[in-house]
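>>> need a 3D model of the sequence below.
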Amino acid sequence: MNEYLLGLKLENKAERTIRTYRWFLERFFSICTVPLSLLTADEVREYLNHFTKGKKERTVDAYLSALSSFLQFCLAEEYIEKIVIKKRWRPKIPQSLPKYLNELEFVRVKIAAENMNLRDRSLILFLLSSGCRSSEVSNLAIRDVNLENRCTDVIGKGNRVRKVHFSEECAVILSEYLKKRNADGIDPLFLNNSGQRLKSNAIYYITRKIGKKADIPQFLHPHSCRHTFATNMLARGASLELIADELGHVNLNTT
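Numbering: from 1, shown residues only. Reported below is the predicted structural model:
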């Protein structure tokens, strides 16, 4: 299991995903006493039914994804001889539209951010105007950012490097934040209260806090900012190819 989780980290998977997979796999193996090489489909189904009883379809699908991914790894490493999860077990989940801020909510979030400290304000402006994932923002260093040209190189999924841009307002607030820090270029772009790199879970907490202050009906999280960025670009006439390039994937059906 530790080999598998290390592999996810090397693939630059989100920390939150790795933590979720670890939590589920640890629970699974706390009751599964059958050696991996002897597991049968019937036994796996029995264990899954135990974990997923009363759970929503999306939760069931997430559990299946975690276990299926782990077993695929075990098959590749020859810990098992065949996959013991059936595709037909996956629940049918209706396609939902990505959540994004409408024009009024967008303005309310920006107003709420004006009363936050410089770090939180520059962070939310960066998320809204760059479309970056929280993990991408967390990994940025000061030297990566060109405030004059309002752009930065980020490392996305699959370790692909792309250039993203951010707003002039974000550049101004970000510049003020960095001036107060007297920081070195190799330092992380955003720091937590202990002076360490701001991690994805902390970024998620900050966006939720700003969303509550803005009194928007749904939780505000980094991916909402990402979808808001894409929606605003589309509304301003940007092509799908340009939006996909800024978001860091080949087409808009992947996140």
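>>> touching, Asp153 and Val161? I think so.
Yes - in terms of CB atoms under 8 Å, Asp153 counts as a neighbour of Val161; the distance is 5.5 Å. C-betas here are computed from N, CA, C, even on glycine.
>>> so which of the two has more stuff around it?
Ranked by neighbour count (other CB atoms under 10 Å), Asp153 and Val161 place Asp153 first, with 12 against 9.
>>> who touches Ala214 in this structure?
105, 108-109, 111-112, 220 (CB atoms under 8 Å, 6 or more residues apart in numbering).
>>> and it, how close does it get to Leu36?
For Ala214, the distance to Leu36 (CB to CB, to the nearest Å) stands at 48 Å.
>>> count of neighbours near the residue nearest to Lys213 when sequence neighbours are not counted?
Distances taken as CB to CB, 6 or more residues apart in numbering place Ala112 nearest to Lys213, at 4.1 Å, with adjacent residues excluded. Counted with other CB under 10 Å, residues neighbouring Ala112 total 21.
>>> which strands or helices does the helix or strand hosting Leu48 pack on?
Taking DSSP states H and E as the criterion, Leu48 maps to helix 41-52. Packing partners of helix 41-52 (3 or more CB pairs under 8 Å, 6 or more residues apart in numbering; DSSP states H and E): helix 15-31, helix 57-76.
>>> pLDDT below threshold where in the protein?
Counting by pLDDT under 70, the chain shows low-confidence ranges at 93-98, 249-255.
>>> can you list the domain ranges for it.
Split into domains by automatic domain parsing, the chain comes to 2-89, 103-247.
>>> for this structure, list the residue farthest from the centre, please.
What lies farthest from the middle of the chain is Leu38; by CA atoms, centre = their mean that is 35.0 Å.
>>> distance of that residue relative to Leu25?
Taken as CB to CB, the span from Leu38 to Leu25 is 18 Å.
>>> host element of Thr33?
Short version, using DSSP H and E: Thr33 is in no helix or strand.
>>> wait, isn't Arg121 in contact with Glu114?
Yes - using CB under 8 Å, Arg121 makes contact with Glu114 at a distance of 6.8 Å.
>>> so which of these two has more stuff around it?
The residue with more neighbours, out of Arg121 and Glu114, is Arg121; 22 against 8, by other CB under 10 Å.
>>> for the more buried one, give me its contacts.
Here Arg121 is in contact with 113-114, 173, 177 (CB under 8 Å, 6+ apart).
>>> show the buried residues in those.
Buried members of the contacts of Arg121, scored by 16 or more other CB atoms under 10 Å, are 113, 173, 177.
>>> alright, that wraps it up for me.
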